[in-house]
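A.B. asks: here is my input; please provide its structure:
(one chain, ligands or ions: 1)
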Amino acid sequence: MCAKKVKVKEVTFGEGHKAAVCCSLIGATEAELVDEVKLIQSKKPDVIEWRADFYNKLDNTQAVLNVLTIVCEHIGETPLLFTIRSEQEGGEPISLTTAEQKDLIQHVLKTRLIHMIDFEVASPFAEDDDLKALCKDLDIKWIGSTHDFEKTPTREQMLAFLQKGEAIGADLVKVAVMPHTREDVLSLLTLTNDASNMLSVPVITIAMGRMGIATRLVGDQFGSAMTFAVGHQASAPGQAPLELIKEIQTYTN
Ligand SMILES: O=C1C[C@@](O)(C(=O)O)C[C@@H](O)[C@@H]1O
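C.D. replies: Presented below is the predicted three-dimensional model:
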């Protein structure tokens, strides 16, 4: 079966479409985030991600909601992806408990200011019926993600992560891994091709670091629906500038 398409505002994710280019906000303060969003938005990414685990007042719900409102004043029609990446999967350390994090996420979803949210497949949030029901009610698409900053798991393991995301109801599924050999990169690309044919939801795949650059530049030619690029500062190793990816896309799509 061909991977289904998912539309978020004017952006279409999935088979037959070039990868949406996403740039991340990683500021620690409101002032940094405002500078960052202005710069990034001027480069016209397809999606903006707020990596809220970098924000230094994540434990203050009102501050988070205020910053969210301010960020949204600068992004126009660009879809906003909200992510609290866990430390185990490459995020910044945060002080919130799981219950506090769930409460914050509910507040953020209810603002309707975000259009997509990332839940790690291995986290309790991806299994949380309240959060998933809220996303459905508010038409906020959720990405079921898995990250391995150490290695590239086997093709079977990576496929299992993506299938788990699909099985628990993710609208899109994503895997990001660290390659150490050319074979690792090829394995990720083969997985991308296979999973994008097999699954019923769009697939996003990334091989991080310098070795994985091909997957970020031309992953869509193998079936990947989104790529993360540098707008201001990289949010993970190996990201290329947005301008380079957009330029390449004029030749490949
Ligand atoms: O999950 C991802 C992908 C990513 O880790 C990357 O490798 O580009 C960057 C993160 O900001 C994002 O949340």
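A.B. asks: give me the element K174 is part of.
C.D. replies: Applying DSSP states H and E as the criterion places K174 in strand 172-177.
A.B. asks: contacts (any at all) between the ligand and the helix or strand just after that strand?
C.D. replies: Going down the chain from strand 172-177, the next helix or strand is helix 182-198, by DSSP H and E. No. Judged by C-beta under 6 Å from any ligand atom, helix 182-198 stays clear of the ligand, getting no closer than 11.8 Å. (Each C-beta comes from the backbone N, C-alpha and C, glycine too.)
A.B. asks: can you give the distance of helix 182-198 from its chain's centre?
C.D. replies: 18 Å (C-alpha atoms, centre = their mean, to the nearest Å).
A.B. asks: show me what counts as buried in that helix.
C.D. replies: Buried residues in helix 182-198, defined by neighbour count with 16 or more other C-beta atoms under 10 Å: 184-185, 187-189, 191-192, 194-196, 198.
A.B. asks: I'd like those residues as JSON lines, with pLDDT appended.
C.D. replies: Listed next are these as JSON lines, based on pLDDT from 0 to 100:
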{"residue": "D184", "pLDDT": "98"}
{"residue": "V185", "pLDDT": "98"}
{"residue": "S187", "pLDDT": "98"}
{"residue": "L188", "pLDDT": "98"}
{"residue": "L189", "pLDDT": "98"}
{"residue": "L191", "pLDDT": "98"}
{"residue": "T192", "pLDDT": "98"}
{"residue": "D194", "pLDDT": "97"}
{"residue": "A195", "pLDDT": "98"}
{"residue": "S196", "pLDDT": "96"}
{"residue": "M198", "pLDDT": "96"}
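A.B. asks: strand partners of the strand holding K174, parallel vs antiparallel please.
C.D. replies: Strand 172-177 pairs in its sheet with strand 141-148 (parallel), strand 203-207 (parallel), by DSSP bridges.
A.B. asks: to the ligand, which of the ones you listed lies closest?
C.D. replies: Within the strands paired with strand 172-177, the stretch nearest the ligand is strand 203-207; the backing value is 4.6 Å (C-beta to the nearest ligand atom).
A.B. asks: for that closest one, what does the pLDDT average out to?
C.D. replies: For strand 203-207, the mean per-residue pLDDT is 98.
A.B. asks: with stretch 143-155 instead?
C.D. replies: 98.
A.B. asks: just to revisit the earlier point, just the strands paired with strand 172-177: most buried one?
C.D. replies: strand 203-207 (a mean of 28; mean count of other C-beta atoms under 10 Å).
A.B. asks: so E243 sits in a strand?
C.D. replies: No. Checked against DSSP: H, G, I helix; E, B strand; the rest coil, E243 lies outside a strand; its state is helix.
A.B. asks: pLDDT at it, what is it?
C.D. replies: E243 is given a pLDDT of 98.
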